[in-house]
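Participant: Next come a sequence and a model predicted from it.
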2 protein chains.
Amino acid sequence: MYTRAAGRPYHHGSLPETLVAHAVELLDEGGAEAVTVREVARRAGVSPSAPFRHYPDRAALLAAVGEAVAMDFGAAQMAAVESADALPFRALGAAFVHYALAHPHRFALLRGGVFGAHRTPAMEEGHRVFVDGITELVVAGQRRGELRQGDAEMIRIAAQALVYGLSQMFVDNYLDASRADALINQVIDLFGLGVLAPDGEMREAAEGV
Amino acid sequence: MYTRAAGRPYHHGSLPETLVAHAVELLDEGGAEAVTVREVARRAGVSPSAPFRHYPDRAALLAAVGEAVAMDFGAAQMAAVESADALPFRALGAAFVHYALAHPHRFALLRGGVFGAHRTPAMEEGHRVFVDGITELVVAGQRRGELRQGDAEMIRIAAQALVYGLSQMFVDNYLDASRADALINQVIDLFGLGVLAPDGEMREAAEGV
DNA sequence: ACATGAATGTGTTCACTGATCACATTGGAG
DNA sequence: CTCCAATGTGATCAGTGAACACATTCATGT
């Protein structure tokens, strides 16, 4: 049973935003499966069916949470690339992994949202901007002669996969989070130079293509 | 209400295995969340509470599913590395991504299982063998002068992150699965050579460390 | 051969969840 | 000031994980 608190007026005023805020809270506490419509309603001090006025179903609520989280993530990435005097790639990669480490459950949601198939139209745009920005950075690096020539899009994808996978490994406790910084730097260095031995036959054969 | 089918004997005989088999079926059909204890019981033709005799709770059943899937995955990886005459890394990476593409839901489960924090003791051993095998391959490559010197463990982690992230991107429909083979090869090539331009200043500075 | 205890399956029940719907309340447009 | 659309409520439904007492069967020792 639910009975409205005495003080609060019948109409909440800004329920959608409040719901999302509490949902993010629950997400951070116990992952997506802990985000139950009822508990969100409970925290908002509202009846169990009230959220359905604003979100057709639980998935829609989670999608709204995904959008909110995506905004926050995007802002963090922007901040990182701007505060980096040099080596923007390293800064971006580190910021990406750090966000995943700081908010593992948000990262899991982003995986299915921003980077997944469940992108809402609103997120589509932000994501495109983000990705295009990175590709731009790659092209600029190529123009300066720093980065290898070739399909910039493909280079971006490889870099993204690397950072993405590294983040996931940390989140899954597969790697020791306390060694995160050192590992990130080593992995990025390796990605810069390549795993093939310098002056080795294999490298020269591959380079000669 | 549930009533036992007329023909079947009271005791099933091999319920645990049957339950896991049906659970894997459900996993492939609709992901982990589609694996409900009741539906598994239903398919096994057994009462809703029967599974709890063999698995203390749903999580334990899913763990058993994880083990079964891990075996299958491990076998696929072994087969790939053995059938590869040369370039075992490429074969391994491709097999990894292909498994993820063929069984996206299994891959998601493995993420939290084999590669995650929820490893059962039984999986721990298999995983160790797998990882040690890869590190061995790296060390062998270094001895032959093919691969760059340095911490073999770190090289393994980087390669794993790359393949892991690439798999996830395909699974999440972030990348076009029909272009998988070409992309895998390009990304692995890039990982071999490194993204820094050959004969560039940045590479020489980094190499000189 | 047979009794008996352990293992396994059944039925029922509970609390919780997502979802729906008729109804209550209220703010704002006219 | 009235009425209506938006918003919140309460009750209810089916499906879920889980616990429990009970039923059935298997296996083991004598």
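Facilitator: That came through, no problem.

Participant: Looking at chain A, which helix is longest?
Facilitator: Longest helix in chain A, counting residues (DSSP state H): helix A:58-83.

Participant: List the contacts of stretch A:103-116.
Facilitator: A:24, A:27-28, A:30-32, A:62-63, A:65-67, A:69-70, A:72-73, A:99-100, A:118-120, A:123, A:126-127, A:164, A:167-168, A:171, B:168-169, B:172-174 (C-beta atoms under 8 Å, 6 or more residues apart in numbering or on different chains). No exception for glycine: its C-beta is placed from N, CA and C like everyone else's.

Participant: Okay, now the unreliable bits of chain A?
Facilitator: Residue ranges of chain A with pLDDT under 70: A:1-7, A:10-12, A:114-118.

Participant: Run through the residues of it sitting next to DNA strand C.
Facilitator: Proximity of chain A to DNA strand C, by C-beta under 7 Å from any atom of the strand, involves residues A:9-11, A:35-39, A:48-49, A:52, A:56-59.

Participant: now, which of those residues sits nearest residue A:87?
Facilitator: residue A:35 (37.2 Å; C-beta to C-beta).

Participant: wait, what's in contact with the closest residue to the closest one other than its chain neighbours?
Facilitator: In space, and not counting its chain neighbours, residue A:35 is closest to residue A:26: 4.7 Å by C-beta to C-beta, 6 or more residues apart in numbering or on different chains. Residue A:26 sits next to A:34-36, A:39-40, A:43 when contact means C-beta under 8 Å, 6+ apart.

Participant: Adding secondary structure and distance to residue A:153, write those out as a markdown table.
Facilitator: Below are these laid out as a markdown table (DSSP: H, G, I helix; E, B strand; the rest coil; distance: C-beta to C-beta, whole Å):
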| residue | secondary structure | distance to residue A:153 |
| --- | --- | --- |
| A:34 | helix | 37 |
| A:35 | coil | 35 |
| A:36 | coil | 40 |
| A:39 | helix | 42 |
| A:40 | helix | 39 |
| A:43 | helix | 43 |
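
Participant: Which of those residues sits closest to DNA strand D?
Facilitator: Of all the contacts of residue A:26, DNA strand D sits closest to residue A:36, with 10.6 Å by C-beta to the nearest atom of the strand.

Participant: Distance check, the closest one against residue A:28.
Facilitator: 15 Å (C-beta to C-beta, to the nearest Å).

Participant: buried subset of the residues of chain A next to DNA strand C?
Facilitator: A:35, A:37, A:39, A:58 (16 or more other C-beta atoms under 10 Å in any protein chain shown).

Participant: Please parse chain A into its domains.
Facilitator: As given by automatic domain parsing, the domain ranges for chain A are A:1-55, A:65-207.

Participant: will you turn the ones you listed into CSV that also has distance to residue B:16?
Facilitator: Shown next, in CSV, are the domains of chain A (distance: least, C-beta to C-beta, whole Å):
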stretch, distance to residue B:16
domain A:1-55, 25
domain A:65-207, 27
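
Participant: Kindly compare burial across these and name the winner.
Facilitator: domain A:65-207 (a mean of 18; mean count of other C-beta atoms under 10 Å in any protein chain shown).

Participant: Span of that domain from start to end?
Facilitator: In domain A:65-207, first residue to last residue: 46 Å (C-alpha to C-alpha, to the nearest Å).

Participant: Kindly report the same for stretch A:49-68.
Facilitator: 22 Å.

Participant: now check that stretch, is it near DNA strand D?
Facilitator: Yes: using C-beta under 7 Å from any atom of the strand, stretch A:49-68 reaches DNA strand D at A:49-50, A:53-54.

Participant: Using JSON lines, lay out those residues together with secondary structure and distance to residue B:80.
Facilitator: Shown next, in JSON lines, are the residues of stretch A:49-68 next to DNA strand D (three-state DSSP; distance: C-beta to C-beta, whole Å):
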{"residue": "A:49", "secondary structure": "coil", "distance to residue B:80": "52"}
{"residue": "A:50", "secondary structure": "helix", "distance to residue B:80": "53"}
{"residue": "A:53", "secondary structure": "helix", "distance to residue B:80": "52"}
{"residue": "A:54", "secondary structure": "coil", "distance to residue B:80": "49"}
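
Participant: circling back: and of the residues of chain A next to DNA strand C, the nearest to residue B:135?
Facilitator: For the residues of chain A next to DNA strand C, the minimum distance to residue B:135 (C-beta to C-beta) is 39.2 Å, reached by residue A:35.
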